[in-house]
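Chemist: Quick one, structure for this:
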Amino acid sequence: MQLLYMHVSMKKVRQPPRDRRGELREAAAFAAAECAGSFVRLAARRVGAFLENRLIPTGLTPAQFSLMAHMAASQDDSLGALAKRTGLDPSTLTRNLQVLARQGLVEIAIQDDSRRKLAWLTEVGVRRLAFALPVWREAHAEISALIDVGLARSLAESTAILEIGA
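Modeler: Predicted coordinates for the structure are as follows:
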């Protein structure tokens, strides 16, 4: 005869006191229905997923495409200026550029005085961006027919006041 002993530990889930649960639910429902941050993240996920799907043939993500477009559109190759134009903090920008550099799309260098980092598109990067631009234009036209893309620009411009350190 064999005996099997099983010990199951059941942790009791702690819940807020009963009289506060309704208060909490009401406050949370208001926050969920009114939170600007939630709406912005939801819109960004939807637009990002739309563009990511359309940019598949280019081998670029929307973030990579945007970064490369900002690089190609400006005369200033410094990482500081690029960070300001894209709204990325320097460490995030550097990580994103390193991914593109490993793919041979950008080159990163330190200027002679060792205080300024520069980045520019390589010849391969220029060709990739040139290939991606018509794909993006088509996606942009498609999304513009569905939503007012001016709202995104307006939101980005109007929220500049919220930047930390601005």
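
Chemist: okay, the residue nearest the centre of the chain: pLDDT?
Modeler: With distances taken as C-alpha atoms, centre = their mean, A63 lies nearest the centre of the chain, 6.3 Å away. You'll see A63 listed with a pLDDT of 95.

Chemist: Q2 too?
Modeler: The model's pLDDT for Q2 equals 64.

Chemist: now do E163
Modeler: So E163 comes in at 82 (pLDDT).

Chemist: what's the spacing between A32 and F39?
Modeler: Using C-beta to C-beta, to the nearest Å, A32 is found at 10 Å from F39. The way it works is simple: take the backbone N, C-alpha and C, and place the C-beta from them, glycine included.

Chemist: And for T94?
Modeler: On the measure of C-beta to C-beta, T94 and F39 end up 30 Å apart.

Chemist: Among those two, which residue is more densely surrounded?
Modeler: Legend: neighbour count by other C-beta atoms under 10 Å for T94 and F39, higher for T94 (16 against 12).

Chemist: So the more buried one versus S154, what's the distance?
Modeler: 30 Å.

Chemist: Same check on P62?
Modeler: From P62 to S154 the distance is 19 Å (C-beta to C-beta).

Chemist: Who has more neighbours out of those two?
Modeler: Remark: of P62 and S154, P62 carries more neighbours, 19 against 11, as counted by other C-beta under 10 Å.

Chemist: Wait, that one touches I56, no?
Modeler: No. Counting by C-beta atoms under 8 Å, I56 is not a contact partner of P62; they are 10.9 Å apart.

Chemist: Strands of this structure, start to end?
Modeler: 106-110, 117-121 (DSSP state E).

Chemist: which of these is buried the deepest?
Modeler: Scoring the strands of the chain by mean neighbour count under mean count of other C-beta atoms under 10 Å gives strand 117-121 as the most buried, with a mean of 18.

Chemist: Also compute the angle for that one relative to strand 106-110, please.
Modeler: Our comparison of strand 117-121 with strand 106-110, counting by axes from the mean of the first three to the mean of the last three C-alpha atoms, to 10 degrees, yields an angle of 160 degrees.

Chemist: Near the closest residue to L118 other than its chain neighbours, how many other residues are there?
Modeler: Nearest residue to L118, sequence neighbours excluded (C-beta to C-beta, 6 or more residues apart in numbering): D77, at 4.3 Å. The number of residues packed near D77 is 18, by other C-beta under 10 Å.

Chemist: Next, give phi and psi for D77.
Modeler: phi -90, psi 0 (degrees, to the nearest 10).

Chemist: Grab the longest helix from the protein for me.
Modeler: Determined from DSSP state H, the single longest helix within the chain is helix 123-146.
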